[in-house]
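Engineer: coordinates only, sequence not included:
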């Protein structure tokens, strides 16, 4: 079996002390959209942190079902160590467990804590079985001749995972105990959370405690409600001895499902599943003989985002009738659901570069079922079956994702089934569809925009304030439109529809001619970001222009590629992606912090986006042919980032200036996907792709 490990040792030399444990987070997912996550310290700092966030059918969506498990170890009579802690109003935060934590690591992507407790080596492991809303937390003594007493206090506040932490705490939690089965319920609508223990004789001491005014420091920093209460039925306690591990299982599944897997079986099944993922991805590598630890870590990180959405029974019924399954991609943890744009951009890296071709086809078919008025959904709100369609680019990325799949799989049957829908999309765009999306008959360029909506990927919006409106003809929208037209033309010819292909070709040539005439900003030697906007043409230097080169069919004349690449490299490139706005622009913001309004004002006004490193590398290699070794250097900072923020994953965004502090989601699908994709694509001429 592959021994894939990323290890962080504590205390870390020159670290800021125990507080550093609050800035490192772990994440485990279950393939349904559910997850478990917290800080390495064990302190919950986000409203999204918890040991069991269950993905439940509509109308619930993801629900916080087990917020915390407070851990105490009595290592000798009267000597008690709290491994984790809650931060509470009026009480100083004491990270006692930090004094004993020696290592936090990911074994095959799964979190492991190693504590040294006065001669006792204690290990904690955690996993979620794939496809189940269950979590297994195992404790065992690795070294030490004496026993210790373990006490675990589960604490709950049933609520939607994105609901404020000050949401009213249910006053009627009911604890039911039958033999070794424990249930906590709140009403008849939600399933209860069920607890089961394995190992040395365990008991539950019932005390029904309300833990008041817990502080969630990251919510406080972000300007959200940051104080809330938890309820605990009591605490489990068991005597731990070497060779006798103890496991606490929490689940919203039926008792039959909860009992179906012992801790050993659950761990074995999950490790085997992850091993298969690595083996399949290895078969697709350019050089499968050479070890590549970084790529393997990215493959496991990618797995966290590919899910079977809970509760969309219509999708599942349609897919099963066709012999398929339903798949989609979670855009980011902890708060995003599945977004059309993010899914289409991420699909190549997450599925095709990892050998998960069948799932790529299922994703494309799933979204193909949701096409309305020539658009695919922008996102699916939490707990809802129907999507929202306010996007001008997600549908155009659908063409790109399909092309990437076809090139990898040669599966023409999927193309033939989707081709009528693709042509319907083109027709809707040519004559105009929702949100002002449609081709300008005067020049053949695609325009978009409706008041109070942000339809491009730069979609920050606070109330009615659209921060970067970009209404008009946006540069990347037209690059994507041209690419979609050229792809459509080739697919029509392949299917023998020559006359239709000629008509599409005329539209693409007109768009290309107009683009090169209208979008070149001579004073800056780069492209306008938007033309024909409400305030005229916008010459702001943004990364969106890179798509005019990076896509399969570049819309920009090749004579101007080098100039654009040089401008983007000089003004926007950082070690962790591209800035969303050049530092010399008036609206530039160097940091992404503060309350929601302050953050959204900076979200696309300088903030670095990791996923943009992918199209930059693609475009750079078109100018610097076959210089893959040099291109690989643009990715190196992400290797060390795997030990920061969300350990084992890549963050959504970063500050625009050194030290490029990570912000936003700690695990973002397109960040992982684009780094993974480019890591594979730059491997062919790298002498040794192995990285520590």
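Structural biologist: Here it is on my side, so go on. All of these numbers come straight from a predicted model, not from anything done at the bench.

Engineer: Flag the shaky bits of the stretch 301-450 of the chain, pLDDT-wise.
Structural biologist: By pLDDT under 70, the low-scoring segments of the stretch 301-450 of the chain are 311, 313, 383-385.

Engineer: tell me the contacts of the closest residue to residue 666 other than its chain neighbours?
Structural biologist: Nearest in space to residue 666, with sequence neighbours left out and distances taken as C-beta to C-beta, 6 or more residues apart in numbering, is residue 646 at 2.9 Å. The way it works is simple: take the backbone N, C-alpha and C, and place the C-beta from them, glycine included. When the contact criterion is C-beta atoms under 8 Å, 6 or more residues apart in numbering, the partners of residue 646 are 25, 26, 27, 333, 665, 666, 667.

Engineer: okay if I get these as a markdown table plus secondary structure and distance to residue 192?
Structural biologist: What follows is the contacts of residue 646, written out as a markdown table (DSSP: H, G, I helix; E, B strand; the rest coil; distance: C-beta to C-beta, whole Å):
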| residue | secondary structure | distance to residue 192 |
| --- | --- | --- |
| 25 | strand | 28 |
| 26 | strand | 26 |
| 27 | strand | 25 |
| 333 | strand | 25 |
| 665 | coil | 30 |
| 666 | coil | 30 |
| 667 | strand | 29 |
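
Engineer: Show me just the buried residues among those residues.
Structural biologist: Burial by neighbour count, judged by 16 or more other C-beta atoms under 10 Å, picks out 25, 26, 27, 333, 665, 666, 667 from those.

Engineer: tell me the two of those that are most distant?
Structural biologist: 26 and 665 (14.1 Å; C-beta to C-beta).

Engineer: where exactly do the helices run in the stretch 551-692 of the chain?
Structural biologist: Secondary structure of the stretch 551-692 of the chain (DSSP state H, counting those that start in this stretch): helices at 561-571, 596-602, 613-623, 628-632, 637-641, 669-681.

Engineer: in the fourth one, what counts as buried?
Structural biologist: Same thing as helix 628-632. Burial within helix 628-632, assessed by neighbour count using 16+ other C-beta under 10 Å, is assigned to 628, 631, 632.

Engineer: again with the second one
Structural biologist: Residues 598, 599, 600, 601, 602 are the ones in helix 596-602 that count as buried (16+ other C-beta under 10 Å).

Engineer: The third one now?
Structural biologist: For helix 613-623, the buried set under the neighbour-count rule, 16+ other C-beta under 10 Å, comprises 613, 614, 615, 616, 617, 618, 619, 620, 621.

Engineer: Any chance you could list what contacts that helix?
Structural biologist: In contact with helix 613-623 (C-beta under 8 Å, 6+ apart) are residues 349, 543, 546-547, 549-551, 554, 561-562, 564-565, 568-569, 573, 576-578, 627-628, 631, 634-635, 638, 670, 673-675, 677-678, 681-682.

Engineer: So for it, mean pLDDT?
Structural biologist: Averaged across helix 613-623, the pLDDT comes to 98.

Engineer: Tell me what angle it forms with helix 669-681.
Structural biologist: Our comparison of helix 613-623 with helix 669-681, counting by axes from the mean of the first three to the mean of the last three C-alpha atoms, to 10 degrees, yields an angle of 30 degrees.

Engineer: Also the first one?
Structural biologist: Interaxial angle of helix 561-571 relative to helix 669-681 (the same axes, to 10 degrees): 120 degrees.

Engineer: Okay, buried residues for helix 561-571 please.
Structural biologist: When burial is assessed from 16+ other C-beta under 10 Å, helix 561-571 yields the following buried residues: 561, 563, 564, 565, 567, 568, 571.

Engineer: Can you name the residues that contact the second one?
Structural biologist: Applying C-beta under 8 Å, 6+ apart, we find residue 563 in contact with 525, 526.

Engineer: Could you measure from it over to residue 549?
Structural biologist: 11 Å (C-beta to C-beta, to the nearest Å).

Engineer: same check, this time on the fourth one
Structural biologist: Separation of residue 565 from residue 549 (C-beta to C-beta): 7 Å.

Engineer: likewise the first one?
Structural biologist: Plainly put, residue 561 is 5 Å away from residue 549 if you go by C-beta to C-beta.

Engineer: Now flag whichever of the buried ones among the contacts of residue 646 is closest to residue 429.
Structural biologist: Within the buried ones among the contacts of residue 646, distances to residue 429 taken as C-beta to C-beta reach their minimum at residue 665, with 30.8 Å.

Engineer: what separates that closest one from residue 331, distance-wise?
Structural biologist: Separation of residue 665 from residue 331 (C-beta to C-beta): 8 Å.

Engineer: And residue 58, by the same measure?
Structural biologist: 19 Å.

Engineer: All the strands of the stretch 1-150 of the chain, residue numbers only.
Structural biologist: Counting by DSSP state E, counting those that start in this stretch, the segments of the stretch 1-150 of the chain that form strands are 5-9, 25-29, 35-39, 50-56, 61-66, 68-76, 79-82, 101-107, 110-116, 121-127, 134-143, 148-155.

Engineer: do the same with the stretch 151-300 of the chain
Structural biologist: With DSSP E, counting those that start in this stretch applied, the stretch 151-300 of the chain shows strands at 159-160, 174-178, 181-185, 193-198, 202-215, 227-240, 246-251, listed in chain order.

Engineer: In JSON lines, list those along with distance to residue 278.
Structural biologist: Conversion of these to JSON lines gives the following (distance: least, C-beta to C-beta, whole Å):
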{"stretch": "strand 159-160", "distance to residue 278": "34"}
{"stretch": "strand 174-178", "distance to residue 278": "41"}
{"stretch": "strand 181-185", "distance to residue 278": "36"}
{"stretch": "strand 193-198", "distance to residue 278": "28"}
{"stretch": "strand 202-215", "distance to residue 278": "35"}
{"stretch": "strand 227-240", "distance to residue 278": "32"}
{"stretch": "strand 246-251", "distance to residue 278": "25"}
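
Engineer: closest to residue 112 out of those strands?
Structural biologist: Of all the strands of the stretch 151-300 of the chain, the one in closest proximity to residue 112, counting by C-beta to C-beta, is strand 246-251 (14.1 Å).

Engineer: what's the angle from that closest one to strand 193-198?
Structural biologist: Going by the same axes, to 10 degrees, strand 246-251 makes 160 degrees with strand 193-198.

Engineer: Which one's more surrounded, residue 58 and residue 331?
Structural biologist: When neighbours are counted by other C-beta atoms under 10 Å, residue 58 and residue 331 differ, and residue 331 comes out ahead with 23 against 15.

Engineer: still on that earlier bit, which of the helices of the stretch 551-692 of the chain comes out lowest on mean pLDDT?
Structural biologist: Among those, helix 596-602 carries the lowest mean pLDDT, at a mean of 88.

Engineer: on contacts alone, who are the packing partners of that one?
Structural biologist: In this structure, helix 596-602 makes packing contacts with strand 461-462, judged by 3 or more C-beta pairs under 8 Å, 6 or more residues apart in numbering; DSSP states H and E.

Engineer: contact partners of the very next helix or strand once past the strand it packs on?
Structural biologist: As assigned by DSSP states H and E, the chain's next helix or strand after strand 461-462 is strand 465-466. Applying C-beta under 8 Å, 6+ apart, the external contacts of strand 465-466 come out as 452, 453, 454, 460.

Engineer: Give me the below-cutoff pLDDT ranges for the protein.
Structural biologist: In the prediction, the chain carries residues with pLDDT under 70 at positions 1-2, 11-18, 286, 289, 311, 313, 383-385, 684-692.

Engineer: one step back: got TSV for the helices of the stretch 551-692 of the chain, with distance to residue 110 too?
Structural biologist: Compiled in TSV, the helices of the stretch 551-692 of the chain are given as follows (distance: least, C-beta to C-beta, whole Å):
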stretch	distance to residue 110
helix 561-571	38
helix 596-602	32
helix 613-623	27
helix 628-632	28
helix 637-641	20
helix 669-681	17
